[in-house]
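J.: Pasting the sequence and the predicted model now:
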Amino acid sequence: MGIFQIEGGHRLSGEIQPQGAKNEALQILCAVLLTDEKVIINNIPAIVDVNKLINLLRNLAVKVENIGKGAYSFQSDNLNLDYLNSEQFKIDGSSLRGSIMIVGPLLARFGKGFIPKPGGDKIGRRRLDTHFEGFIKLGAKFRYNKEERFYGVEAPNGLKGDFMLLEEASVTGTANIVMAAVLAEGTTTIYNAACEPYLQQLCNMLNSMGAKISGVGSNLLTIEGVSSLKGCEHRILPDMVEIGSWIGMAAMTKSEITIKNVRWDMLGIIPTTFRKLGITIERKGDDIFIPAHTKGYEVQNFIDGSIMNISDAPWPGFTPDLLSIILVVATQARGSVLIHQKMFESRLFFVDKLIDMGAKIILCDPHRATVIGHDFQSQLKATTMSSPDIRAGISLLIAALSAEGKSTIHNIEQIDRGYENIEERLKAIGARITRI
Ligand SMILES: CC(=O)N[C@H]1[C@@H](OP(=O)(O)OP(=O)(O)OC[C@H]2O[C@@H](n3ccc(=O)[nH]c3=O)[C@H](O)[C@@H]2O)O[C@H](CO)[C@@H](O)[C@@H]1O
Ligand SMILES: C=C(OP(=O)(O)O)C(=O)O
């Protein structure tokens, strides 16, 4: 397992270009299965989870060509569906969360889709009910092999559009159902659909392939099925979670950083939420400029003077993927804040490591932590730790960069799942970090 050694306490400075969005890339890559024509995708991040999914597509006999930095062409004209019954598929499919989204396209185009229990972050229960209830509504037969934890759906006579009210606005669930419905007969209406920028991008891409989806960006999607889709070219958005990670890193290391070409129009309440911690975020064209917070940053109160509470919610609420970063940044704020992770029950346990480093945090229960900021009156202490998931991993890295002395982070494969070439990009702005 890889290790980062970090010498903290140094200011960073310079420009950062965000990578393409991990969670959008995972959806878009699955959508290439919906047509036998060539699909070109630009701005694909070179991260472990995305590379695993591209490898899975190759094993399915998708023709994959690297045509430039972050640019690939895909053609799914002669797939090897026998791979879905192989031992190799059980290994590939269970190694990341995003693999679940091959099921919808395969079901729509070939009348069957299988998947082993997908992997991804161990951050609490990650049910798949929404996905399969949606497919069943479209007429698929569902089976689950408990011993092998293997899911299957089949619809030899094709899918039929229907109305469905999703039990929860699942991100990958909505993407999966949309990808099945675009080739179903008739009209599908999905209410309580997730509407993250990832999904807006997916729907726009599908429409450019000939799909008929309306309501994009809302929680009510109407999809008129078509008989086939054609090829297209698509560009993945900058990764909003990575952008938030850079904002947090700049504030906590008191660094002046410019984050380039962020697509402000797609960031939702992310900038506002960091501002609630007192962080100055300036808009310069399409860049974000973070000045050096030499005097620290002060948490705002609510209008009635009560303590600030930051929680996650389905889009346009605050993404749960940035809550760990908000939490670590709060440890050096002036003031206190309650962090409420509503969606996942095991995502806050990494605070133990921050407490070891000297942060003042009360873990109230698995979902809530109260952070009493140090206002830089006391630095975090360098330590040795292990990265439990992608976002906790980057949060520990931010803590280590701000702490005096040398820290060691184990299990950095977790960070590599979501952050491209992180140590080289950090070194370029002055961080002292080594991969061992
Ligand atoms: C590959 C990928 O895209 N992963 C993202 C995707 O995971 P994923 O699509 O797996 O997450 P879901 O949206 O299905 O669910 C996330 C969690 O929130 C709960 N939930 C969800 C919706 C809701 O209305 N109420 C509710 O309680 C679910 O039970 C689950 O525990 O979305 C999550 C939520 O933004 C992100 O953390 C993941 O990074
Ligand atoms: C939870 C995440 O990813 P995944 O769903 O792929 O585990 C994440 O990107 O923060």
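T.: Everything's here; your move. Computed from a predicted model, the values in this text were never measured in an experiment. Ligands and ions are numbered 1, 2, ... in the order given.
J.: need the helices for this structure, in chain order.
T.: 22-31, 48-59, 87-93, 103-110, 129-137, 171-181, 197-208, 240-252, 270-276, 323-330, 351-356, 390-402, 413-416, 422-427 (DSSP state H).
J.: Give me the nearest residue to the one residue in the chain that gets nearest to ligand 2, chain neighbours excluded.
T.: As assessed by Cβ to the nearest ligand atom, ligand 2 sits closest to residue 120 within the chain, at 2.8 Å. (Glycine included, C-beta is placed from N, CA and C.) Distance criterion Cβ to Cβ, 6 or more residues apart in numbering; nearest residue to residue 120, sequence neighbours excluded, is residue 97 at 2.7 Å.
J.: next one: residue 408
T.: residue 384 (4.4 Å).
J.: and that neighbour, what does it touch?
T.: 407, 408, 409, 410 (Cβ atoms under 8 Å, 6 or more residues apart in numbering).
J.: Walk me through the domains of this protein.
T.: Annotated domains of the chain cover 3-18+238-435, 22-235 [automatic domain parsing].
J.: Can you convert these into JSON lines and add a column each for distance to ligand 1?
T.: Formatted as JSON lines, the domains of the chain follow (distance: least, Cβ to the nearest ligand atom, whole Å):
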{"stretch": "domain 3-18+238-435", "distance to ligand 1": "3"}
{"stretch": "domain 22-235", "distance to ligand 1": "3"}
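J.: Save those as JSON lines, and put in mean pLDDT too.
T.: Output for these, formatted as JSON lines (pLDDT from 0 to 100):
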{"stretch": "domain 3-18+238-435", "mean pLDDT": "97"}
{"stretch": "domain 22-235", "mean pLDDT": "96"}
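J.: could I get the helices of the chain as CSV with mean neighbour count and distance to ligand 2?
T.: CSV is the format used below for the helices of the chain (neighbours: other Cβ atoms under 10 Å; distance: least, Cβ to the nearest ligand atom, whole Å):
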stretch, mean neighbour count, distance to ligand 2
helix 22-31, 27, 6
helix 48-59, 20, 6
helix 87-93, 16, 13
helix 103-110, 25, 15
helix 129-137, 21, 13
helix 171-181, 29, 7
helix 197-208, 22, 10
helix 240-252, 26, 6
helix 270-276, 19, 14
helix 323-330, 28, 9
helix 351-356, 18, 17
helix 390-402, 28, 5
helix 413-416, 21, 10
helix 422-427, 18, 14
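J.: List the residues that contact the closest residue in space to residue 36 that isn't next to it in sequence.
T.: Closest residue to residue 36 apart from its sequence neighbours, by Cβ to Cβ, 6+ apart: residue 77 at 4.0 Å. Residues in contact with residue 77 (Cβ under 8 Å, 6+ apart) are 36, 37, 63.
J.: Please identify which of those is nearest to residue 183.
T.: residue 36 (12.3 Å; Cβ to Cβ).
J.: List the residues that contact that closest one.
T.: Applying Cβ under 8 Å, 6+ apart, the residues contacting residue 36 are 75, 76, 77.
J.: Residue 35 is in contact with the second one, correct?
T.: Yes - Residue 76 is within contact range of residue 35, at 6.7 Å (criterion: Cβ atoms under 8 Å).
J.: Burial check on the residue nearest to residue 239 when sequence neighbours are not counted, number of neighbours?
T.: Leaving aside its chain neighbours, residue 239 sits nearest to residue 21 (4.1 Å; criterion: Cβ to Cβ, 6+ apart). For residue 21, the neighbour count with other Cβ atoms under 10 Å is 28.
J.: Which pLDDT value belongs to residue 21?
T.: Looking at residue 21, its pLDDT is 98.
J.: I figured it hits residue 243, correct?
T.: No - counting by Cβ under 8 Å, residue 21 sits too far from residue 243 to count as a contact (9.4 Å).
J.: Let me know the outermost residue of this protein.
T.: residue 157 (34.5 Å; Cα atoms, centre = their mean).
J.: Quantify the burial of the closest residue to residue 106 other than its chain neighbours by counting its neighbouring residues.
T.: With sequence-adjacent residues excluded and distances taken as Cβ to Cβ, 6+ apart, residue 106 is closest to residue 113, at 3.9 Å. Neighbourhood size, residue 113 [other Cβ under 10 Å]: 29.
J.: ok, now which ones touch residue 113?
T.: Applying Cβ under 8 Å, 6+ apart, the residues near residue 113 are 102, 103, 104, 105, 106, 107, 135, 152, 153, 154.
J.: From these, pick the one nearest residue 416.
T.: Nearest to residue 416 among those, with distances taken as Cβ to Cβ, is residue 102, at 22.3 Å.
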